[in-house]
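*Asks:* Based on what follows, work out the 3D shape:
(chains A and B)
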Amino acid sequence: MIQQSLQKSISEALQELYGISASPEAIKIESTKKEFEGDYTLVVFPYVKQARKSPEAVANEIGNVVKGKLADIQNYNVIKGFLNFSVSDSYWDSFVMQNHDADTFGIQKAAADAAPIVVEYSSPNTNKPLHLGHIRNNLLGWSVSQLLAASGHNVKKVNLVNDRGIHICKSMLAWLRYGNGETPESTGIKCDHLVGKYYVEFDKHYKEQVAQLMAEGKDEETAKREAPLMVEAQAMLKRWEDGDKEVRDLWTKMNGWVYAGFDETYKQMGVSFDKVYYESQTYLLGKELVQKGLDMGVLFRKEDGSVWCDLTADGLDQKLLLRRDGTSVYMTQDLGTALLRHNEFGAERLVYVVGNEQDYHFKVLKLVLGKLGFDWADKVYHLSYGMVELPNGKMKSREGTVVDADDLIAEMEKTAEEMSREHGKNDSLTPEQQKELYHILALGALKYFILKVDPTKTMLFNPAESIDFNGNTGPFIQYTYARIRSIIRKAVEEQRLDLSQPVASEALNGKEKEVIKSLHDLPSVIAQAAESYSPAMIANYAYDLCKNFNSFYQDTPILREENVQSKCFRVQLCQMVANAIRNTMDILGIQVPERM
RNA sequence: GGCUCCUUAGCUCAACUGAAUAGAGCAUCUGACUACGGAUCAGAAGGUUGCAGGUUUGAAUCCUGCAGGAGUCACCA
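*Replies:* Take a look at the predicted model:
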């Protein structure tokens, strides 16, 4: 790649001219802003002090030396402290010739024996269906996995299902009490939604009981603790832990419903896992570690029997690791599963896709792992993402302002259908193909809308805008892809163009060059995005590429071009753009249609 | 209250981690259809980057203070 050649030559030039030693990687090459002539820019300010010359003089001297070293650098110009290099057309030409039929352009393959990166995401509770917040989690988890894979890593996707605890007991209890034996089959309600319904039911009756107790003169705290439903739920949890058959059977049944529902939603979203863990099977793992910590003297036991880790030296508080009754907490089992995962995969990194409300938890997790003597503690990476807010504020399940994942997807498919019918271009498709297309478009819109914003930031989900198909949206990119595929089809089928042989262009026009430069950037964009776990960078890249292409396409009649060589070159360029779009969209988990 | 994160155009988001005149989309306005796919393209308008200092040749970006917002500080997960 030309950037690397530039870095190397500049590094040498600095040494030769001024005796400055700077490693090639340390030299920053930027792409030249559109208003200025040139392709790549070196800012020379950092070196003028040592060179003891004016910025212009330094830039000119470096430019002159580099031009002499690199045949691909056709020219350079200097504006103040900015040294702009122009790359020769022949370099861009050969770049297209070498890559025009590379389906996997931009994508790296991992060595088979490389230590994997384990990415945990999704990790739902089993008491209610998935909502918008989970959607961001799932899309991010999937996409980051794809991104890491595309940058040459082995990736294992795992899910830790939180299938035990007081929450599922609440659903179970409410179902027993108020359910009248309802099943998904008898009601026609989607499995996980039925379980969620009883979770809400529990909350409703529980609140009534609390209110009544308070009316009888109890204070709020006591009322909450003594409400019969809560007492029963606690008892049920105890029975579950004791292995009570009746409770376990019901638990198995209702969790089974939830899994069936989740599987459907996962399938809709197009995400999957290499391995699924269940908390019911792993929740005891951490206890051994705690004992080890006690033996090592890095943990301590209080008089009441509870076990703690003192993190005050690290600027944090004391953290509870075992309850007074010896049962484990969230942190305890996370310690256990981290160790399990590390041992099981020999992982290079353990990535957790979890919301930023748990920043503190993961900080503590890393510290405690370190105190327990695990040198791999710093391999734990919390991919912390911001919450999703709605125009009218936050999502609150109690207030019924959650956006349900299934409902949202169905809604978007409906909109996609309406939009498509309006444009009426898909009459040639069979009803099945149409339905598939609407699904592809709906999910393209949804995924792109969520993934294009920086994961770390709180984002606003505006339903009205998310189903927009114009501008910086998934469907815009899908549409661009479909058009390009159409051009290529016509070139091959109607015009009998032979695309198998590499050809050079006659002359590159400005917009064509923009497209080629954009393509040329893809590998480094993927590398950089992977480094910062940012699918958003990929999304924005893909959008820019499409915009560049559309702009070029608008005033360059590719198929009407009379010069066969030029035409062939441009159609091959189309192929490259199509491949780049497909590969980047694949990283985001977005499908691209051949026609739409 | 302590700690962490955020604040960029009317709205939703960028800005390659310190560089040239802070960029897109939506919304508004103006142009381009004998359409290689107009779900497009070209253009206009829209900014004291929350406020005040500081560091630097250079700051949306780094430091300090202030204001506003979010999260978290459970023997919940």
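*Asks:* make it CA atoms for all contacts and neighbour counts henceforth
*Replies:* OK.
*Asks:* which sections of chain A are below the confidence cut-off?
*Replies:* A:395-401, A:425-426 (pLDDT under 70).
*Asks:* mind redoing it with 80?
*Replies:* Within chain A, the segments meeting pLDDT under 80 span A:392-401, A:424-428.
*Asks:* got the CA coordinates for stretch A:326-346 in PDB?
*Replies:* In PDB, the C-alpha atoms belonging to stretch A:326-346 read as follows (Å, rounded to 0.1, in the frame of the first residue of the first chain):
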ATOM      1  CA  GLY A 326     -22.700 -18.600  51.600                       C
ATOM      2  CA  THR A 327     -24.600 -18.100  48.300                       C
ATOM      3  CA  SER A 328     -22.900 -16.500  45.400                       C
ATOM      4  CA  VAL A 329     -23.600 -13.100  43.800                       C
ATOM      5  CA  TYR A 330     -23.300 -11.800  40.300                       C
ATOM      6  CA  MET A 331     -19.600 -11.000  40.700                       C
ATOM      7  CA  THR A 332     -18.800 -14.500  42.100                       C
ATOM      8  CA  GLN A 333     -20.200 -16.300  39.200                       C
ATOM      9  CA  ASP A 334     -18.600 -13.900  36.700                       C
ATOM     10  CA  LEU A 335     -15.200 -14.700  38.200                       C
ATOM     11  CA  GLY A 336     -16.000 -18.400  37.700                       C
ATOM     12  CA  THR A 337     -17.200 -18.100  34.100                       C
ATOM     13  CA  ALA A 338     -14.200 -15.900  33.200                       C
ATOM     14  CA  LEU A 339     -11.800 -18.600  34.400                       C
ATOM     15  CA  LEU A 340     -13.900 -21.300  32.700                       C
ATOM     16  CA  ARG A 341     -13.800 -19.400  29.400                       C
ATOM     17  CA  HIS A 342     -10.100 -18.700  29.600                       C
ATOM     18  CA  ASN A 343      -9.300 -22.300  30.200                       C
ATOM     19  CA  GLU A 344     -11.700 -23.700  27.700                       C
ATOM     20  CA  PHE A 345     -10.600 -21.500  24.700                       C
ATOM     21  CA  GLY A 346      -7.100 -20.500  25.600                       C
END
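*Asks:* any residues touching that stretch, and which ones?
*Replies:* Here stretch A:326-346 makes contact (Cα atoms under 8 Å, 6 or more residues apart in numbering) with A:115-116, A:118, A:282-287, A:289-290, A:305-306, A:320-323, A:347, A:350, A:361, A:365, A:369.
*Asks:* buried sites along it?
*Replies:* Within stretch A:326-346, the residues that count as buried by 16 or more other Cα atoms under 10 Å are A:Ser328, A:Val329, A:Met331, A:Thr332, A:Gln333, A:Asp334, A:Leu335, A:Gly336, A:Thr337, A:Ala338, A:Leu339, A:His342.
*Asks:* And for A:Pro502, the neighbour number?
*Replies:* Neighbour count of A:Pro502, defined by other Cα atoms under 10 Å: 19.
*Asks:* mind checking which helix or strand the nearest residue to it once chain neighbours are set aside is in?
*Replies:* Counting by Cα to Cα, 6 or more residues apart in numbering, A:Pro502 lies nearest to A:Met97, which is 4.9 Å off, once chain neighbours are set aside. Using DSSP states H and E, A:Met97 sits within helix A:89-99.
*Asks:* Report all helices and strands that that helix contacts.
*Replies:* Under the contact definition 3 or more Cα pairs under 8 Å, 6 or more residues apart in numbering; DSSP states H and E, helix A:89-99 sits against helix A:510-531, helix A:564-588.
*Asks:* circling back: among the buried residues of stretch A:326-346, which one sits closest to RNA strand B?
*Replies:* A:Val329 (3.7 Å; Cα to the nearest atom of the strand).
*Asks:* Just want the most central residue of chain A.
*Replies:* A:Leu140 (2.6 Å; Cα atoms, centre = their mean).
*Asks:* dump the residue contacts of that residue.
*Replies:* A:Leu140 touches A:Val353, A:Leu451, A:Pro455, A:Pro535, counting by Cα under 8 Å, 6+ apart.
*Asks:* tell me which element it is part of?
*Replies:* Going by DSSP H and E, A:Leu140 is part of helix A:132-150.
*Asks:* now A:Cys309
*Replies:* Counting by DSSP H and E, A:Cys309 is found in strand A:307-310.
*Asks:* returning to that earlier point: and the very next helix or strand once past the helix holding A:Leu140, how far out from the chain's middle?
*Replies:* Later in the chain than helix A:132-150, the nearest helix or strand by DSSP H and E is strand A:155-161. A distance of 14 Å separates the centroid of the chain from that of strand A:155-161, by Cα atoms, centre = their mean, to the nearest Å.
*Asks:* Pull up the pairing partners for strand A:155-161, direction included.
*Replies:* strand A:117-120 (parallel), strand A:275-278 (parallel) (DSSP bridges).
*Asks:* near RNA strand B, which residues of the stretch 301-450 of chain A?
*Replies:* Within the stretch 301-450 of chain A, the residues that sit near RNA strand B (Cα under 7 Å from any atom of the strand) are A:304, A:306, A:317, A:320, A:323-325, A:328-330, A:356-361, A:416, A:419-420, A:423-425.
*Asks:* For PyMOL, write the selection for the buried entries among those residues.
*Replies:* Restricted to buried positions by 16+ other Cα under 10 Å, the PyMOL selection for these reads:
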select buried, chain A and resi 306+320+328+329+356+416+420
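*Asks:* ok, A:Glu422 to A:Thr415 distance?
*Replies:* To A:Thr415, A:Glu422 is 11 Å away according to Cα to Cα, to the nearest Å.
*Asks:* More neighbours: which of these two?
*Replies:* More crowded of A:Glu422 and A:Thr415, by other Cα under 10 Å: A:Thr415, with 18 against 9.
*Asks:* Show the backbone phi and psi for that one.
*Replies:* Dihedral pair for A:Thr415: phi -60, psi -40, per degrees, to the nearest 10.
*Asks:* quick one: it from A:Asn159, how far?
*Replies:* 31 Å.
*Asks:* And for A:Gly261, the neighbour number?
*Replies:* Around A:Gly261 there are 21 residues (other Cα under 10 Å).
*Asks:* residue contacts, it?
*Replies:* Counted by Cα under 8 Å, 6+ apart, A:Gly261 has contacts A:Pro129, A:Lys190, A:Cys191, A:Asp192, A:His193.
*Asks:* cool, and A:Pro523?
*Replies:* Listed by Cα under 8 Å, 6+ apart, the contact set of A:Pro523 reads A:Gly106, A:Ile107.
*Asks:* I'd like the distance between it and A:Gln108.
*Replies:* Distance from A:Pro523 to A:Gln108, by Cα to Cα: 9 Å.
*Asks:* wait, doesn't A:Tyr543 sit right on A:Ile477?
*Replies:* Yes. Between A:Tyr543 and A:Ile477 there is a contact at 6.5 Å, judged by Cα atoms under 8 Å.
*Asks:* Those two - which one has more neighbours?
*Replies:* More crowded of A:Tyr543 and A:Ile477, by other Cα under 10 Å: A:Ile477, with 28 against 21.
*Asks:* Against A:Val577, how distant is that one?
*Replies:* 11 Å.
*Asks:* about what we covered before: quick one, which of the helices and strands packed on helix A:89-99 is packed in tightest?
*Replies:* Of all the helices and strands packed on helix A:89-99, helix A:564-588 has the most neighbours on average by mean count of other Cα atoms under 10 Å, namely a mean of 22.
*Asks:* Check which helices and strands it sits against.
*Replies:* Checked by 3+ Cα pairs under 8 Å, 6+ apart, helix A:564-588 has helix A:89-99, helix A:132-150, helix A:431-451, helix A:474-493, helix A:510-531, helix A:535-555 packed alongside it.
*Asks:* Of the ones you listed, which stretch is the most buried?
*Replies:* Most buried among the helices and strands packed on helix A:564-588, counting by mean count of other Cα under 10 Å: helix A:132-150, with a mean of 24.
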